[in-house]
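[1] Sequence and computational prediction follow.
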Amino acid sequence: MANFTAALKHTIFFVALILAPSAGAQTKPKRYCSPEVYTAESIDASMKVCDEIVADPRQPVSEKIQAYQNRGELFLRKKEYSSSLQNFNQAIALLGTQKIVPFRGFGGPALKAGSIHDIPASSVYSNRARLFERRKEYSRAIEDYTKALQIRPDDQGNLYSRAKSHEILGQYDRALEDLEKSIAVAVSSSQDPYSRDFSARGEIYLKKKEYDKAIRDFDKALELDAKASPNSVDKSLLASRGAAYLGKGDTDRALQDLDKAIPGNEIRSRYRNSRGLAYRKKGEIDRAIAEFDEAIKYAFASDYSDDDRAEYFVNRAEALGEKGEWLKALEDHQSALTISSSFSRAISGRNAARLALSRPAPAIAAAGAAETLAATTPAKPITAINERRVALVIGNSAYDTVAALPNPRRDAETLAQALRAAGFQTVQVAADLSRDKLARALQSFAAEADKADWAVVYFAGHGIEIGGVNYLLPVDVRLKSDRDVALEAVALDQVLVTVAGARKLRLVVLDACRDNPFVAKMTRSVAGRSVGRGLASIEPEGGTLVAFAAKHGQTALDGSQGANSPFVAAFVRHMQSPNVEISKMFRLVRDDVLAATGKQQEPFTYGSLPGQDFFFRVQ
C-alpha cells in the first residue's frame, strides 16, 4: 500500500494542460505543470503551464489546487519562499470549497465535481509544512502536518516528518509517539517498517541518553537496510550506534563502529568528534586531539550549526586541559565563546583554564589532574587515622521526567574514591535512586553513622526549596504540584537525622543547587508559598556542618562534559592536602569555585563545630 500511495503521489504531481485545437490545426503535445523538474529552463517552462491552468476558467477546482501546489513547490525550489507560501495558501483556500473523498484506486469511481481525493488534499498541507521547515518555523510545520494527518491519519511520511520537527523543538516524547505509530502502521499492513523510523527513534533515544534503546533501534535499522540493499551499509547508522555505545561506556564497541563509519566519510565532523570522545575516554589524549582537529576543520567547510562548532572547540579544549596545555585550552574556549557567547561549558572551561594559568607550574598540573579520578591518589602515605569514618555518596543523574544531568554520577564516583584514599573505612556509593531506595539508603547508613566518629553524606542531583524547607529529589519525582514534594522528595532534615548518631563530626554536602526544571511546570496549591531558586539557608545543630555547592538562592554549574563539577573538582583537590583543618578547607574550596566560575557560584557552609580541629588527612 505504501508503494502504491507513493506511485499515486508521483502521478498526481503532473497536471496536464490540454487546449482544444482549432479546426484544421495540428494537435499540440500535452504540456505539464510539474514540480519534478530541476533545470532553470524546465522550471520556467513548467511554471508557465501552471500559470495557464490557474488562469483557465475551464479547469476544475481540483486541478487548480494541484497547479497552485505545484507552483508553490517550484517557487520553493527557487528559494522564493514568499511566493511559495502565497501559492500554498491559495491551494488551501480552494481546498476549503471541496469535499475530500478517499482514493479508491485507479479503477475506482470517477471523481465528482466539487470533490478532491484525500491524497492530494493532505499533500497541500504537507508541502506547506516543508516550506515552514525550510524557514525553520517548526511549530507551524507541525500544525500543517497535523492537518494533513487529520485527512490521512496513517500517512507514514507525514508521521515521520512531524516527528522530526518535534525532535528539533526538543519535544522528544511527541516525536517518539509519531515514529511508533508509523512503525505500527507498517506492521499492521504486514509490511516491513521503514528503517528511517528506527533510525530517527534511535537518534532521539541517543539524545535522551537511553543508550540501550538507541542501540536496539540502530540495530533494527541496519537489519532492514541489509534486507533491502544487501551490498551496502548506511555508515551514518554505524556512527550513531557508535555514539550510543560511547554514551553507554562501551568504548571498544564504539570505536569498532566509528572505525567502519569514517573511511569514505572523513569530512563528517560529527563522526570525528565522536571518535575523539572515545579516544579521550580511553585515555589516548593525543589521538583524541587529532580527531577534534579534523572535526573542527571540516565543521567550517560544511554546513554545521554554530552549536556543533562550539562543542568541538570545547571538546578539544578539555582534552588539552588534561595534558596541562592550559594556554591552548583557553584559546579553544575563547573560540567557542566567539561562536556561541552563552555556551556554559565554554564559560566554565575558560574560567578553569584562567585559574590554572594563574598558578605556579606544579599547581597547574594538579589542577588538570583534579578533573580525573587519578587525582584522588595522594602523593605520600597518610598517617593512620585512629577513628572510624563512614560516608554515603549519592549521584542522581538519570531523572525519569526531565533531562539527565551529566555529572552527578561521575562526581559521586570521584568523591567516593577520594574519601577512600583519605582513610574512610566505609564508603557506600549509590546512583539514580528512587524515593524508596533513597529512604532505604539513608536508613541503612544511619546504623553505620551510629557506630562512627565521622559520618558524611554527599548528594549530587536536583534539589528544591519550598516554603523554606530544602528537599533532595529522587529520580522518580514528578512534582506536578508543590504539595507533592513531601510525598515524592526527601527533606534535608531527614538526612541530618541520618548522621546525627556520629560521635565527633557530622557532615552533609549538597551539590544539589542546579537550575531546577520542575519549578516551571509545577502548579502552586497555596498562594504565597515560596519556591526558591537554589536551596534555602539552614541552621543545623552544633557539631554538624552542612556544605552547599552554591549558597542559598544561587544555582550550581554542572561542569563540562567528561570533567567533574567545579565544586567537586575543588573539594577533591583540597581534601588531598594534609593538615588543612576542615573549616579552612571549605574556604579554599569556595575561593577556587568562585575563580573557576567567574564568581557565578559561591559555595557556602552552615553550622558550627566544637573546639577541636578536624582534618581529612594528616601527615
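    Perfect, thanks for sending it.
[2] From H117, how far out is L206?
    39 Å (Cβ to Cβ, to the nearest Å). C-beta here means a position set from N, CA and C on the backbone, and glycine is covered the same way.
[3] any weak-confidence spans in the stretch 51-200 of the chain?
    Where the stretch 51-200 of the chain drops to pLDDT under 70, the residues are 107-108.
[4] Please enumerate the strands of it.
    99-101, 115-117 (DSSP state E, counting those that start in this stretch).
[5] So what's the gap between the last one and the chain middle?
    Yep, that's strand 115-117 we're talking about. Centroid separation between strand 115-117 and its chain, computed with Cα atoms, centre = their mean, to the nearest Å, is 43 Å.
[6] ok, and what's touching that strand?
    I12, V61, S62, I65, L95, Q98, K99, I100, V101, P102, F103, L111 (Cβ atoms under 8 Å, 6 or more residues apart in numbering).
[7] In it, which residues are buried?
    Of the residues in strand 115-117, I116, H117 count as buried by neighbour count, 16 or more other Cβ atoms under 10 Å.
[8] same question, stretch 200-220
    200-206, 208-211, 213-218, 220.
[9] Straight-line length of that stretch, end to end?
    Separation of the first and last residues of stretch 200-220 by Cα to Cα, to the nearest Å is 12 Å.
[10] same check, this time on stretch 228-241
    20 Å.
[11] Next, the buried residues of that stretch.
    Under the neighbour-count criterion of 16+ other Cβ under 10 Å, stretch 228-241 has D234, K235, S236, L237, L238, A239, S240, R241 buried.
[12] Compute the distance from the centre of that stretch to the centre of its chain.
    24 Å.
[13] Kindly report the same for stretch 136-156.
    The chain centre lies 24 Å from the centre of stretch 136-156; the measure is Cα atoms, centre = their mean.
[14] contact partners of it?
    2, 5, 100, 118-119, 121-126, 128-130, 132-133, 158-159, 161-162, 165-166, 168-169, 182, 185-186, 194, 197.
[15] Give the PyMOL command for selecting the buried subset of those.
    Buried residues among the contacts of stretch 136-156 (16+ other Cβ under 10 Å), as a PyMOL selection:
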select buried, resi 2+5+119+121+122+123+124+125+126+128+129+130+132+133+158+159+161+162+165+166+182+185+186+194+197
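[16] Mind checking which of the contacts of stretch 136-156 land in helices?
    2, 5, 118-119, 121-126, 128-130, 132-133, 158-159, 161-162, 165-166, 168, 182, 185-186, 197 (DSSP state H).
[17] Count the neighbours of A184 for me.
    15 (other Cβ atoms under 10 Å).
[18] Could you single out the nearest of the contacts of strand 115-117 to K48?
    Proximity of the contacts of strand 115-117 to K48 (Cβ to Cβ) peaks at I65, which lies at 18.6 Å.
[19] Contact partners for that closest one?
    Contacts of I65 by Cβ under 8 Å, 6+ apart are A91, L94, L95, Q98, I116, P120, A121, V124.
[20] Please report the distance of it from K227.
    38 Å.
[21] what's the answer for F300, then?
    Taking Cβ to Cβ, one finds F300 at 38 Å from K227.
[22] Could you export stretch 333-353 as CSV, CA atoms only?
    In CSV, the C-alpha atoms belonging to stretch 333-353 read as follows (Å, rounded to 0.1, in the frame of the first residue of the first chain):
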residue,chain,number,x,y,z
HIS,A,333,37.3,28.0,25.0
GLN,A,334,37.6,31.6,23.7
SER,A,335,37.0,30.4,20.1
ALA,A,336,33.9,28.5,21.3
LEU,A,337,32.6,31.6,23.0
THR,A,338,33.2,33.7,19.9
ILE,A,339,30.8,31.3,18.1
SER,A,340,28.3,30.9,21.0
SER,A,341,28.7,33.5,23.7
SER,A,342,26.4,31.8,26.2
PHE,A,343,27.8,28.3,25.9
SER,A,344,28.1,27.3,29.6
ARG,A,345,30.7,24.6,29.1
ALA,A,346,33.0,27.1,27.4
ILE,A,347,32.4,29.7,30.1
SER,A,348,33.3,27.3,33.0
GLY,A,349,36.2,25.8,31.0
ARG,A,350,37.6,29.3,30.2
ASN,A,351,37.5,30.2,33.9
ALA,A,352,39.1,26.9,34.9
ALA,A,353,41.9,27.5,32.3
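[23] buried ones in it?
    So stretch 333-353, judged by 16+ other Cβ under 10 Å, has buried residues 333, 335-337, 339-340, 343, 345-353.
[24] next one: stretch 286-299
    R287, A288, I289, A290, E291, F292, E294, A295, I296, Y298, A299.
[25] in what helix or strand does the fourth one lie?
    This means A290. Assigned by DSSP states H and E, A290 belongs to helix 285-301.
[26] What is that helix packed up against?
    Judged by 3 or more Cβ pairs under 8 Å, 6 or more residues apart in numbering; DSSP states H and E, the packing partners of helix 285-301 are helix 269-281, helix 306-322.
[27] buried sites along the first one?
    Right, helix 269-281. Quick answer for helix 269-281 (16+ other Cβ under 10 Å): S269, R270, Y271, R272, N273, S274, R275, G276, L277, A278, Y279, R280.
[28] Looking at those, which one is closest to D56?
    Nearest member of those to D56, counting by Cβ to Cβ, is R270, at 49.8 Å.
[29] Could you pull up the residues touching that closest one?
    A239, A295, D308.
[30] Identify the residue nearest the geometric centre of this structure.
    Residue closest to the average C-alpha location in the chain (Cα atoms, centre = their mean): K207, at 4.3 Å.
[31] and G607, that's in a strand?
    Yes. Counting by DSSP: H, G, I helix; E, B strand; the rest coil, G607 is found in a strand.
[32] tell me which residues form a beta bridge with it?
    Residues in a beta bridge with G607, per DSSP bridges, are L545.
[33] So that it lines up with my notes, have the first residue be 100 from now on.
    Understood, numbering begins at 100; the last thing we discussed is G706.
[34] still on that earlier bit, would you format the contacts of R369 as TSV with pLDDT included?
    Shown next, in TSV, are those (pLDDT from 0 to 100):
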residue	pLDDT
A338	92
A394	91
D407	88
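[35] still on that earlier bit, out of the contacts of strand 214-216, give me the one that has the most neighbours.
    I164 (25 neighbours).
[36] and the gap between it and Q189?
    Using Cβ to Cβ, I164 is found at 9 Å from Q189.
[37] got it, and K536?
    From K536 to Q189 the distance is 60 Å (Cβ to Cβ).
[38] and what of K163?
    K163 is 8 Å from Q189, by Cβ to Cβ.
[39] What of G600?
    78 Å.
[40] neighbour-wise, which of the two wins?
    Q189 (19 against 15).
[41] Skip the chain neighbours and tell me the closest residue to the more buried one.
    In space, and not counting its chain neighbours, Q189 is closest to Y167: 4.5 Å by Cβ to Cβ, 6 or more residues apart in numbering.
[42] where does the stretch 550-699 of the chain dip in pLDDT?
    612-616, 618-633, 635-636, 638, 640-641, 651-661.
[43] try 90
    561-570, 576-593, 595-596, 599-600, 610-643, 648-665, 668, 675-678, 693-699 (pLDDT under 90).
[44] Which parts of it are strands?
    553-559, 562-565, 568-571, 589-590, 604-610, 643-647.
[45] most packed of these?
    strand 553-559 (a mean of 27; mean count of other Cβ atoms under 10 Å).
[46] for it, packing partners?
    strand 488-494, helix 507-520, helix 534-549, helix 591-598, strand 604-610.
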